[in-house]
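S.K.: fold the following for me, if possible:
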Amino acid sequence: MDKILEAVVTSSYPASVKQGLVRRVLEAARQPLEREQCLALLALGTRLYVSGADELPRRVGCQLLHVAGRHHPEVFAEFFSARRVLRLLQGGAGPPSARALACVQLCLQLLPEGPGADEVFALLRREVLRTVCERPGPAVCAQVARLLARHPRCVPDGPHRLLFCQQLVRCLGRFRCPAEGEEGAVEFLEQAQQVSGLLAQLWRAQPAAILPCLKELFAVISCTEEEPPSSALASVVQHLPLELMDGVVRNLSNDDSVTDSQMLTAISRMIDWVSWPLGKNIDKWIIALLKGLAAVKKFSILIEVSLAKIEKVFSKLLYPIVRGAALSVLKYMLLTFQHSHEAFHLLLPHIPPMVASLVKEDSNSGTSCLEQLAELVHCMVFRFPGFPDLYEPVMEAIKDLHVPNEDRIKQLLGQDAWTSQKSELAGFYPRLMAKSDTGKIGLINLGNTCYVNSILQALFMASDFRHCVLRLTENNSQPLMTKLQWLFAFLEHSQRPAISPENFLSASWTPWFSPGTQQDCSEYLKYLLDRLHEEEKTGTRICQKLKQSSSPSPPEEPPGPSATSVEKMFGGKIVTRICCLRCLNVSSREEAFTDLSLAFPPPERCRRHHHHHHHRRRRLGSVMLPAEDAGAQEPGSAGPRRQRKHCITGGVPPTILDMEGLGPHGLGGQSGQEEKVEEEKEKVEEEKEKEMEEERAAQDKEEEVKKKVKEKVEEEEKVEEKEKEAQEEKEAAADGEEAAAGPGPGTLQSAAAASGDGSRSVLDLVNYFLSPERLTSENRYHCESCASLQDAEKVVELSQGPRYLILTLLRFSFDLRTMRRRKILDDVSVPLLLRLPLAGGRGQAYDLCSVVVHSGLSSESGHYYCYAREGAARPAPALGAAERPEPDNQWYLFNDTRVSFSSFESVSNVTSFFPKDTAYVLFYRQRPEEGSEAEPGSPRTRAEPTLHKDLMEAISKDNILFLQEQEKEARSRAAYISALPASPHWRRGFDDDKDEDKGPPGGCGPAGGSGGDFNRLVF
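M.R.: Have a look, this model is predicted:
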């Protein structure tokens, strides 16, 4: 009968014929059979089931085994002995086949209870352990899982059970998807789920096996010598009890036997499991492990794994089945990576297309993801402001999505930040860097030193000043200027993407500044220029005395003091005239300045109410260079006292925000207490003036008439001047100087036009600075002609404009009503061409060359960056000239180590895009009159000055060293990542970034512009 059946199955008859013949044989097999005949049919059934070439022989074999098992149980028990099972499982080389295991499972269902069955189960407990130790494929492992799930008596017992569980984990780590396409992937997922389900079943029966299995799992994923394990291990994590999470993570993160390299490898591979579609709680375990590493301050691992994996995690947001876990991990990685913008900036190119894909998907899952992603982006932009060129496309992509309020943003940023361990965050490992495509070089942030970097880049881009510094000869007596020369030379000629200004910063350090804290860049600029000016004056005097002492001839009359480099480049002169309103006698004095500090005009209601108190609005720059031919008044001498720098606001303009938690010193170093006293004093003055108004009216009637006549004349002159300026604007626009076609944020407008629509321009602030002020009450002027204190009017005029005009917009004020420091966030339009009114009705044209932007709400916090272009003298372009920007018209954005191309449109729109980012310090270059010759020291050729030998050799050696470093780093990068040192090489020198401690956070920190290791070269 067995021969007939085998012949039928292997014949070439049609399938229907074969099935009919098989049915007849099976019906005969149900009848009583001889023992030998039954054993022969069982052997044939086993052979067909295990080795059948297609579905028909396998189905026939299965039917034969069922018939024999049910109708001939004694013979079946004799046939299916332990010896037969062993021969079946060890019939070939390596682990048994999945069909052999399936046959064993089928026969176990038909095997009657008895001693023979006990022997079979004992044998199988050993054989399944041997099978998994031989690392079978997914199909065999899945069949073992099905076998043991159906027949728990086959599960190894005693100590072998734990070993079996650990070996199952090892098997999962070796899984590889055998087939491509959707069907193969689905089958692979099912097989992994069956094996992990068996593990979960065994853990429920024996919970003590969980922790050893977790150790085995960690050993697999942390091994750096073998190929990466399969993501099928993710199926194990979903079955781990969450109550074990804290203890497991704590033990792992504190285990000294686990090296940093192993931990980095393990957490990297766990993050890859986010793509496992059927995983559950994977994101919770990943986040728990990241938190555990942060708790033990293993920041080098966290930083490296975040930078390596964050883009991959972000890409998984495209797939709805893994989107939830990916978004959870992404949010945690970004919100904890707050020491540097590098992780967030890696995602910037991917965010707009991701938003477009999620919008197109139009699903509930996609909409929820979009809302959370937009919220995350707003948090990161708030945390790392100061990159408008990078953020504009992202903000445009999410413009229609919900914008979280500031409280929500601060809550998100504060819940997971590594703030308690931020002192070690600056030590992230170097990444291969290249010099910016702009050809410009950045400056490394040494810990809240962006205020220094932005000023140095603005000075460097002032070409005439840079050339003057680079021409400095050797053996001079100007050590600070020499350090600046070296810094400028490397900024011009180095091959590095960024250099460190540490040596220059140490030499130019402002004594009252605290290291590691944010400072006012305007205050630093004033101090730096004053230091350079005084140093050159002192050096010149010493050189003259040495020449006189070494000369045998009788001493000659010493020559008059020559102007210093600072005076030549930044020095201007201002004339103050005071007219006594009783006798109309006018006294004047002239003093020098290096910058003008421009206060904001108060609102119209305040202006009408306090029109007698113009002294509130202006003050010259605090670095004053006394003119040789005009004796500047001492602070205690007779005459009107100098007014303070801050403007005081009586009301609360809507564009001014409250400041809290600030230090005692504001802009310019004036304390809040002194301001308060002055303000109260002025309040008393106002009241006293009102009481005396009527008494003075009768006595000063004649003077008031004269004053009205004079004011009327001045009013007419101002109208004429404004009309003239409006005409000059039109001419400038025709010459192609304006970047925008129509009136935009940077278009110079007349004062009348500006006040008409409520906007403000730099010209408005300049006119406000130059407007007359009344000296009355306790501020009355001592008139020499009258020999008494008299009401007077003070007028300020610019008698000589500097080559480079520096304007500081006084954005920080103290409000008496709320007793709080405020920042004025008004958007002030910055014109490309500024016509500065000079004494005698003259005017001087100035071209914008640099804008230092402050991002934040306080001078003691936030971030500084600089827009700049080459600021060298050039003639006006001819009419009809090409609109393509010339090289000296190209704008750049200097943001610490990061330098990028920019445009005047970006400069003009920065505050409209980012309300906290406001223009603060402006550099204008004087435009030579048409037809005039180039000024001495600023040749029309754009070639940089020749450097002296020592400086050229130093730059050459460092460029060679940098190329060697790059080559070495490129060769060792792969090995470097796989074997991280146990402790990072922390950056030394300055305190850490503490922007978060005072006021809103900014984007300023060590290596703030981009995350490179540039600390080898220090200035």
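S.K.: quick one: which helix or strand includes the closest residue to Leu202 other than its chain neighbours?
M.R.: Of all residues not flanking Leu202 in the chain, Cys165 sits nearest, at 5.6 Å (C-beta to C-beta, 6 or more residues apart in numbering). For the C-beta atoms, the positions are set from N, CA and C on the backbone; glycine is no exception. According to DSSP states H and E, Cys165 maps onto helix 159-173.
S.K.: please name every helix or strand in contact with the helix or strand just after that helix.
M.R.: Downstream of helix 159-173, the first helix or strand assigned by DSSP H and E is helix 181-205. In terms of contact count using 3 or more C-beta pairs under 8 Å, 6 or more residues apart in numbering; DSSP states H and E, helix 181-205 is assigned the packing partners helix 138-150, helix 159-173, helix 210-222, helix 234-237.
S.K.: and with 7 Å instead?
M.R.: helix 138-150, helix 159-173, helix 234-237 (3 or more C-beta pairs under 7 Å, 6 or more residues apart in numbering; DSSP states H and E).
S.K.: in the second one, what counts as buried?
M.R.: Along helix 159-173, these residues count as buried under the neighbour rule (16 or more other C-beta atoms under 10 Å): 161-173.
S.K.: center of the protein - which residue?
M.R.: By C-alpha atoms, centre = their mean, the chain has its centre lying nearest to His341, at 2.0 Å.
S.K.: next one: it from Leu347, what distance?
M.R.: 11 Å (C-beta to C-beta, to the nearest Å).
S.K.: what's the pLDDT at the residue nearest to Leu202?
M.R.: On the pLDDT scale, Cys165 is placed at 90.
S.K.: quick one, what contacts it?
M.R.: Contact analysis of Cys165 by C-beta atoms under 7 Å, 6 or more residues apart in numbering lists Leu199, Leu202, Ala209, Cys213.
S.K.: which non-adjacent residue is nearest the first one?
M.R.: Using C-beta to C-beta, 6+ apart and skipping residues adjacent in sequence, the residue nearest Leu199 is Leu168, 5.7 Å away.
S.K.: how about the longest strand seen in the chain: buried residues?
M.R.: Using DSSP state E to define each element, the chain has its longest strand at strand 843-855. Buried residues in strand 843-855, counted by 16+ other C-beta under 10 Å: Gln844, Ala845, Tyr846, Asp847, Leu848, Cys849, Ser850, Val851, Val852, Val853, His854, Ser855.
S.K.: can you pull the contacts of the third one?
M.R.: By C-beta under 7 Å, 6+ apart, the residues touching Tyr846 are Leu805, Leu834, Leu836, Tyr924, Arg925, Gln926, Arg927.
S.K.: got phi/psi on the third one?
M.R.: Main-chain dihedrals, Leu836, degrees, to the nearest 10: phi -90, psi 120.
S.K.: burial count for it?
M.R.: Leu836: 22 surrounding residues under other C-beta atoms under 10 Å.
S.K.: per-residue pLDDT of it, please?
M.R.: For Leu836, the predicted pLDDT is 89.
S.K.: quick check, it in contact with Leu807.
M.R.: No: when contacts are counted by C-beta atoms under 7 Å, Leu836 is not listed as touching Leu807 (9.7 Å).
S.K.: now do the shared contacts for these two.
M.R.: Shared contacts of Leu836 and Leu807, defined by C-beta under 7 Å, 6+ apart, are absent.
S.K.: what separates the residue nearest to Leu202 from Cys107, distance-wise?
M.R.: Taken as C-beta to C-beta, the span from Cys165 to Cys107 is 26 Å.
S.K.: kindly report the same for Ser477.
M.R.: 102 Å.
S.K.: neighbour count: the two, which is higher?
M.R.: Cys107 (23 against 15).
S.K.: that one - that's part of a helix, no?
M.R.: Yes: assessed by DSSP: H, G, I helix; E, B strand; the rest coil, Cys107 belongs to a helix.
S.K.: need the pLDDT of it.
M.R.: At Cys107, pLDDT is 86.
S.K.: which residue packs closest to it, ignoring adjacent ones?
M.R.: Phe80 is the one closest to Cys107 (C-beta to C-beta, 6+ apart), at 4.9 Å.
S.K.: and for that neighbour, the neighbour number?
M.R.: 26.
S.K.: now it. Its backbone dihedrals?
M.R.: According to degrees, to the nearest 10, Phe80 has phi -90, psi 70.
S.K.: and the one 10 residues further on, by the same measure?
M.R.: Backbone geometry at Gln90, expressed as degrees, to the nearest 10, gives phi -110, psi 30.
S.K.: what number of residues lie near it?
M.R.: Gln90: 14 neighbours (other C-beta under 10 Å).
S.K.: identify all contacting residues around stretch 238-247.
M.R.: Against stretch 238-247 from outside (C-beta under 7 Å, 6+ apart): Ser196, Leu199, Ala200, Trp203, Ile210, Gly279, Lys280, Asn281, Ile282, Lys284, Trp285, Ala288.
S.K.: pull the contacting residues for the last one.
M.R.: By C-beta under 7 Å, 6+ apart, Ala288 lies in contact with Met245, Val249.
S.K.: how close does it sit to Leu244?
M.R.: In terms of C-beta to C-beta, Ala288 sits 10 Å off from Leu244.
S.K.: for the stretch 401-550 of the chain, which segments count as helices?
M.R.: 406-415, 450-461, 463-470, 479-493, 502-507, 521-550 (DSSP state H, counting those that start in this stretch).
S.K.: closest one to Leu39 among the ones you listed?
M.R.: With C-beta to C-beta as the measure, helix 406-415 is the member of those nearest Leu39 (72.4 Å).
S.K.: list the helices and strands that closest one packs on?
M.R.: Using 3+ C-beta pairs under 7 Å, 6+ apart as the test, helix 406-415 ends up in contact with helix 364-383.
S.K.: now the helix it packs on: how far from the chain's centre is it?
M.R.: 16 Å (C-alpha atoms, centre = their mean, to the nearest Å).
S.K.: over to stretch 102-118?
M.R.: With C-alpha atoms, centre = their mean, you get 66 Å for stretch 102-118.
S.K.: residues near the residue nearest to Ala563 when sequence neighbours are not counted, how many?
M.R.: Leaving aside its chain neighbours, Ala563 sits nearest to Gly571 (7.0 Å; criterion: C-beta to C-beta, 6+ apart). The number of residues packed near Gly571 is 22, by other C-beta under 10 Å.
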